[in-house]
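Engineer: Sequence plus predicted model, see below.
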Amino acid sequence: DSGVTQTPKHLITATGQRVTLRCSPRSGDLSVYWYQQSLDQGLQFLIQYYNGEERAKGNILERFSAQQFPDLHSELNLSSLELGDSALYFCASSVEGTGNTQYFGPGTRLTVL
Amino acid sequence: GDSVTQMEGPVTLSEEAFLTINCTYTATGYPSLFWYVQYPGEGLQLLLKATKADDKGSNKGFEATYRKETTSFHLEKGSVQVSDSAVYFCALSELSGANNLFFGTGTRLTVIP
């Protein structure tokens, strides 16, 4: 158990819909990262937050957004969903001074029908 | 830009065989290097890491040495078990700027009794 939690574990929805994925980092970790794992693209970085502020952006679509709240949990919002958004979405957290060691949650499997 | 190249899989070995999974990287700075493991139906678990040149990371019988001269971080284990069957990902993270993880494509290992 990494200490990072994600909900829900599975999500099935239809094209055009909007969903919210939730992540709670390990206790004391200020950084939260979101990654997408798909068969064709592999593991890709989406976005990072540090202590409530956006720190870095990767290959995140404009239809996707995220935020980190004062209690440090984070949410990833996916809107106008397309079939190609079906993937595993992982959250990871890290603490400064550990060489950027990131601990991953169990993931949310999103299926868009 | 930063990238990780991993040995193509899948790899099938008999129990107690020696394992090597090759990983080379390209980085603009001085990255930390990681191996993550993903068991069937689960999230990513940190297996081992090395944060500077010549460091050796080790865990559960697995080892990898950070070789700056050859830009490599090959994963080895002397005697694999059936329970080691999983997908292994090599990854790097720069210590300055955006510190997200860049992942290789993953190598699927199957160990047969």
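Structural biologist: Arrived safely. Not measured: the values here are computed from a predicted model. Numbers count the residues shown, from 1 in each chain, chains lettered A, B, ... in the order given.

Engineer: do you know how far the residue lying farthest from the centre of chain A is from residue B:60?
Structural biologist: Within chain A, residue A:97 marks the point farthest from the mean C-alpha position, 22.2 Å out by CA atoms, centre = their mean. Counting by CB to CB, to the nearest Å, the gap from residue A:97 to residue B:60 is 24 Å. Any C-beta I mention is one placed from the backbone N, CA and C, and that applies to glycine too.

Engineer: what's the answer for residue A:36, then?
Structural biologist: Here residue A:36 is placed at a distance of 28 Å from residue B:60 (CB to CB).

Engineer: Could you do residue A:99 as well?
Structural biologist: With CB to CB as the criterion, residue A:99 and residue B:60 are 20 Å apart.

Engineer: Which one's more surrounded, the two?
Structural biologist: Regarding residue A:99 and residue B:60, a neighbour count based on other CB atoms under 10 Å in any protein chain shown identifies residue A:99 as having more, with 19 against 12.

Engineer: List the contacts of the more buried one.
Structural biologist: Residues touching residue A:99, when contacts are defined by CB atoms under 8 Å, 6 or more residues apart in numbering or on different chains, comprise B:32, B:49, B:51, B:93, B:95.

Engineer: Make sure it is indeed in a helix.
Structural biologist: No. Secondary structure assignment places residue A:99 outside any helix; it is coil (DSSP: H, G, I helix; E, B strand; the rest coil).

Engineer: still on that earlier bit, near chain A, list only the ones from the contacts of residue A:99.
Structural biologist: Near chain A, taking CB under 8 Å from any CB of the partner chain as the test, the members of the contacts of residue A:99 found are B:32, B:49, B:51, B:93, B:95.

Engineer: Look up which residues are beta-bridged to the spatially closest residue to residue B:38 that is not a sequence neighbour.
Structural biologist: The spatial neighbour of residue B:38 that comes closest, neighbours along the chain excluded (CB to CB, 6 or more residues apart in numbering or on different chains), is residue B:87 at 4.6 Å. Taking DSSP bridges, one obtains residue B:38, residue B:108 as the residues bridged to residue B:87.
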